[in-house]
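In: coords please:
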Amino acid sequence: MKPSFQIRAIGTLQEPWQEAAEAQYHKRLQAFSTPTLFEGKEGHSGSAKPDLTRTKENEATELLKLIPNNSFVVCLDEHAKTLDSTMFSKAIEKWSESGARPITFLIGGSWGLAERVKQRADISLSLSPMTMPHALARIVLLEQLYRALTILKGKEYHK
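Out: Purely as a prediction, here's the structure:
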């Protein structure tokens, strides 16, 4: 059975290279899984001086709606623990052992995640100790999912 992934991210990709990279990894993942992507609205409503608390709360509402009740939820947070690619692949294997339980990844907006999103998560992970734009985090996540699944299948991609 193929693992089921849902990626819930705030914002849209703005650059053609971002869209191309995302499409490439989404296509590669098709051999192992069919991830679904949900893009939530940025919570600042175009304001020049957004209220950061309200922004994060608006984005939390977007991220949390329609998460399957039985989903294993992973929030991506720059302050959380990191895993190397092999450890991440083993975590994916563990989280998807039942086969029927989808794994949902949550990617916040520019100011991170509201506390209620972190509380909803089963686990928090950092893609890197370095700060990165949330659009780039989507691409890094897709690449790491692809890498993890190739590791689990014994494919040659991971070196």
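In: which stretches of the chain have low pLDDT?
Out: Within the chain, the segments meeting pLDDT under 70 span 1, 45-47, 98-100, 158-159.
In: ranges for the helices of it?
Out: In the chain, the helices defined using DSSP state H lie at 16-29, 52-64, 85-95, 115-120, 134-153.
In: Distance to residue 74 and mean neighbour count for the ones you listed - can I get that in JSON lines?
Out: No exception for glycine: its C-beta is placed from N, CA and C like everyone else's. Formatted as JSON lines, these follow (distance: least, CB to CB, whole Å; neighbours: other CB atoms under 10 Å):
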{"stretch": "helix 16-29", "distance to residue 74": "16", "mean neighbour count": "15"}
{"stretch": "helix 52-64", "distance to residue 74": "12", "mean neighbour count": "19"}
{"stretch": "helix 85-95", "distance to residue 74": "8", "mean neighbour count": "16"}
{"stretch": "helix 115-120", "distance to residue 74": "11", "mean neighbour count": "15"}
{"stretch": "helix 134-153", "distance to residue 74": "9", "mean neighbour count": "20"}
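In: of those, which approaches residue 5 most closely?
Out: Closest approach to residue 5 among the helices of the chain (CB to CB): helix 134-153, 6.3 Å.
In: Can you check what angle separates that closest one from helix 52-64?
Out: Angle, helix 134-153 to helix 52-64, by axes from the mean of the first three to the mean of the last three CA atoms, to 10 degrees: 40 degrees.
In: Name the residues of the strand ranked longest in the chain that come out as buried.
Out: When the chain is parsed with DSSP state E, its longest strand is strand 72-82. By 16 or more other CB atoms under 10 Å, the buried positions in strand 72-82 come out as 72-78, 80.
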